[in-house]
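> Got a sequence here, can you build the structure:
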Amino acid sequence: MPELSGLRLLPIMALALAGCSPAVPAGGQGTILRARLNADIISSDPGTKRDLNTDSVLLHVVEGLVASREDGSIGPMLASSWTISPDRRTYDFQLRKGVRFHNGALLTADDVAWSLKRYLAPATHWRCRADLGPKGIAQIVSITAPAPLTVRLVLDRPAPLLLKTLARADCGGTGIVHRDSVGKDGKWLRPIGTGPFQWGEWRHNQFVELERFAGYQSLPGATDGNGGGKRALVDRVRFVAIPDGSAASAALLRGSLDVLDGLSPNELGAVKGAGDVRLVDAPSMDFFGILFQTQDPVLADPRLRRAIALSIDVASLTRAATHGTGAPDSSPIPVASPYFTGVERPLIKRDLAAARALAKAAGYDGRPITLITSHAPPEIYDAAIVVQAMAREAGINFEIVTLDWATQLARYSSGTYQAMLFGYSARLDPSLLFNAFVGDKRVDPRKVWDTPAALSLLRQSLETEEPRARQAVFDAMDRQFRAEAPAVILYNTRRVTALGRGVTGYRPWPAQSQRLWNVGIGGR
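Numbers count the residues shown, from 1 in each chain. The predicted model follows:
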């Protein structure tokens, strides 16, 4: 998935594991919390070149005007409050007083305006620029600072999902950075944010180390999603790149790793039941499935795509691929979502006779269909094998091609594939989930569903605020999705984290990302 990583980094494994210890570094550098990444981050520039690992690390360093709460609603972060004009097009954000960047400079409205304008500049390649452009949820037509602590955004039309978009993890939380984060030539240097931890050291393919920011101004109360109260309880956090699950489990068991997040189902056996290890978990708002290139001559006919869907026993596949930890799902809306109701709930029922009939009607002659997969995460390769075997019983011939994660991501981004076993990381609103794959292929080749009906329904969901009205739109989208079958949804995962001895305060949540603020190490 775009937010999961699994690069082939085994040659540097010894270096990565060496970077895990000691628990209390020599030289009196204080306490260190060590957490695993299954691969290196992609960049240090929020919301640009990114995946889930990158987002998780950088959200310890940068903060946006608003943040996602546990329940998917939006709460304050750098903005203490905001007002919306009667025509719903102008947003005035009041900034919190006394917030400082990691270089000691006080946060001002001018800084926020500069940072937001940088995100919207084409040269930044911000992932969410299109969402706030002419064909997105709304276009930001002006960003101004009418007062030292007031930022004003003016839109070309109302956008009920503006705040949720600004808070999206895959947008880097629209994290505000100081202008010294870039050089005089405009090139990115490092993130100078306002978060509880500041940028320390990045040794590529080994680790990323963050340092406690002594000048951090926390919101009151407890953590709530990516918002709420945040406190750095250790002096340093080290995110260690350990691609191999067995090596990561061994590091946890011997005490040279403290947090092993995102355990693959086939890794659970190595740590489950160990005396010093505690497991915590939460349902994820993600989904995994088969993406189809609907412009491919073989897969252009929706009857063949529906035939593939009918060839798969989703429940059995989920049990096999996730070792019983995942939730089978035939809807783009995850099981954990409050919008997963009567229409979304039914699984596609396997029907081999109907699958064969549809494939024949589509003119399918048994030619191989290339199904791209990877080992990132490991279970999607297993899922691809099961898909291949089940589809074969309906006379549909998948030929599996396994790529490394970076190559698979490039193929996904360019749309150069026939079929792909892929996953989307958690989004806390169904419109954002649908938006991950609905869109104009000519503008964004990543999109897999660009029929007029899909585009119209997505637009309605983005413009609708009332929950019951939104549910009606999502129900219509689900029905249309099943009819057109631009993809086959298979399952949602359950995020499992293994904690070493003495780790306190760690809580997983449906958005999947690691949150190491408010996490401590007892006895260190």
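> Secondary structure class of Glu211, three-state.
Assigned with DSSP: H, G, I helix; E, B strand; the rest coil, Glu211 falls in the strand class.
> contacting residues for it?
Phe197, Gln198, Trp199, Gly200, Asp235, Arg236 (CB atoms under 8 Å, 6 or more residues apart in numbering). (Glycine included, C-beta is placed from N, CA and C.)
> partner residues bridging it?
Beta-bridge pairing for Glu211 (DSSP bridges): Gln198, Arg236.
> Let me know the pLDDT of it.
Predicted confidence (pLDDT) for Glu211: 98.
> got it, and Asp71?
86.
> Ok, Ala436 next?
Ala436 carries a pLDDT value of 88.
> likewise Leu4?
Taking Leu4 on its own, its pLDDT is 41.
> try Leu432
So Leu432 comes in at 87 (pLDDT).
> again, but for Ala18
At Ala18, pLDDT is 41.
> Spatially central residue for the chain, please.
In the chain, the centroid-proximal residue (CA atoms, centre = their mean) is Ser425; its distance is 3.7 Å.
> Pull up the gap between it and Asp156, please.
Using CB to CB, to the nearest Å, Ser425 is found at 29 Å from Asp156.
> How about Trp449?
25 Å.
> Could you check which of these two is surrounded by more residues?
When neighbours are counted by other CB atoms under 10 Å, Trp449 and Asp156 differ, and Trp449 comes out ahead with 25 against 13.
> Give me the secondary structure label for the closest residue in space to Leu490 that isn't next to it in sequence.
Counting by CB to CB, 6 or more residues apart in numbering, Leu490 lies nearest to Gly289, which is 4.8 Å off, once chain neighbours are set aside. Following three-state DSSP, the label given to Gly289 is strand.
> contact partners of the host helix or strand of Tyr119?
Per DSSP states H and E: Tyr119 is located in helix 109-120. Here helix 109-120 makes contact (CB under 8 Å, 6+ apart) with 47, 65, 78, 93, 95, 101, 105, 124, 126, 128-129, 132, 140, 143-151, 153, 174-179, 182.
> which one of the contacts of Glu211 sits closest to Glu344?
Phe197 (38.0 Å; CB to CB).
> Tell me how many other residues crowd that closest one.
25.
> and it, what does it touch?
His60, Val61, Leu210, Glu211, Arg212, Phe213, Ala232, Val237, Leu516, Trp517.
> Just the pLDDT for the residue nearest to Leu490.
Note on Gly289: pLDDT of 97.
> That one: neighbour count?
For Gly289, using other CB under 10 Å, the count is 26.
> quick revisit: distance from the helix holding Tyr119 to the middle of the chain?
24 Å (CA atoms, centre = their mean, to the nearest Å).
> Then stretch 203-220?
20 Å.
> Pull up the distance across it, start to finish.
Chord length of stretch 203-220, first to last residue, is 34 Å (CA to CA, to the nearest Å).
> Ok, stretch 148-162 next?
End-to-end for stretch 148-162, by CA to CA: 23 Å.
> buried sites along it?
Buried residues in stretch 148-162, counting neighbours by 16 or more other CB atoms under 10 Å, are found at Leu149, Thr150, Val151, Arg152, Leu153, Val154, Leu155, Pro158, Ala159, Pro160, Leu161, Leu162.
> Let me have those residues in CSV, extended by pLDDT.
Formatted as CSV, these follow (pLDDT from 0 to 100):
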residue, pLDDT
Leu149, 98
Thr150, 98
Val151, 98
Arg152, 98
Leu153, 98
Val154, 98
Leu155, 98
Pro158, 95
Ala159, 94
Pro160, 93
Leu161, 93
Leu162, 96
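> with the residues you listed in mind, which one is nearest to Ala361?
Leu161 (39.1 Å).
> which residues does the closest one contact?
Applying CB under 8 Å, 6+ apart, we find Leu161 in contact with Ile137, Asp429, Ser431, Leu432, Leu462.
> Okay, now the unreliable bits of this protein?
Along the chain, the model assigns pLDDT under 70 to residues 1-29, 523-524.
> which residues of it fall in helices?
13-18, 52-58, 109-120, 162-167, 245-253, 268-271, 302-310, 314-322, 352-361, 378-392, 405-414, 430-435, 452-463, 467-484 (DSSP state H).
> Distance to Pro332 added to these, as TSV?
Below are the helices of the chain laid out as TSV (distance: least, CB to CB, whole Å):
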stretch	distance to Pro332
helix 13-18	35
helix 52-58	18
helix 109-120	27
helix 162-167	17
helix 245-253	28
helix 268-271	27
helix 302-310	13
helix 314-322	14
helix 352-361	21
helix 378-392	17
helix 405-414	16
helix 430-435	6
helix 452-463	11
helix 467-484	6
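> Identify whichever of the ones you listed lies nearest to Gly522.
helix 245-253 (16.1 Å).
> For that closest one, what is the distance to the chain centroid?
With CA atoms, centre = their mean, you get 24 Å for helix 245-253.
> circling back to that earlier point, just grab the bridge partners of the residue nearest to Leu490 for me.
For Gly289, the beta-bridge partners are Phe422, Ile489 (DSSP bridges).
> my read: it touches Ile489, true?
Yes. Counting by CB atoms under 8 Å, Gly289 touches Ile489, with 4.2 Å between them.
> isn't Lys230 right up against Tyr216?
Yes. With contact defined as CB under 8 Å, Lys230 and Tyr216 form a contacting pair (7.4 Å).
> Give the residues shared as contacts by those two.
With CB under 8 Å, 6+ apart, Lys230 and Tyr216 have common neighbours Gly195, Pro196.
> Between the two, which is the more surrounded one?
Lys230 (23 against 19).
> show me what contacts the residue nearest to that one when sequence neighbours are not counted?
Once flanking residues are discounted, Lys230 sits nearest to Trp517: 4.0 Å by CB to CB, 6+ apart. Shown in contact with Trp517 (CB under 8 Å, 6+ apart): His60, Gly195, Pro196, Phe197, Thr223, Lys230, Arg231, Ala232, Leu233.
> any chance of those residues in TSV, with distance to Gln471 too?
Converted to TSV, the contacts of Trp517 look like this (distance: CB to CB, whole Å):
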residue	distance to Gln471
His60	35
Gly195	35
Pro196	37
Phe197	39
Thr223	29
Lys230	33
Arg231	38
Ala232	40
Leu233	40
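> hmm, which of those residues are the buried ones?
Here, 16+ other CB under 10 Å leaves His60, Gly195, Pro196, Phe197, Thr223, Lys230, Ala232, Leu233 buried among the contacts of Trp517.
> need the contact list for the last one.
What it means is Leu233. Contacts for Leu233 (CB under 8 Å, 6+ apart) come out as Gly505, Trp517, Asn518, Val519, Gly520, Ile521.
> Distance of Gly289 relative to Ala354?
20 Å.
> If you could redo that for Arg459, that was the one I meant.
To Ala354, Arg459 is 33 Å away according to CB to CB.
> can you check Ser115 too?
According to CB to CB, Ser115 and Ala354 sit 53 Å apart.
> One more: Gly275?
Gly275 is 52 Å from Ala354, by CB to CB.
> and if you look at Ile143?
Taking CB to CB, one finds Ile143 at 53 Å from Ala354.
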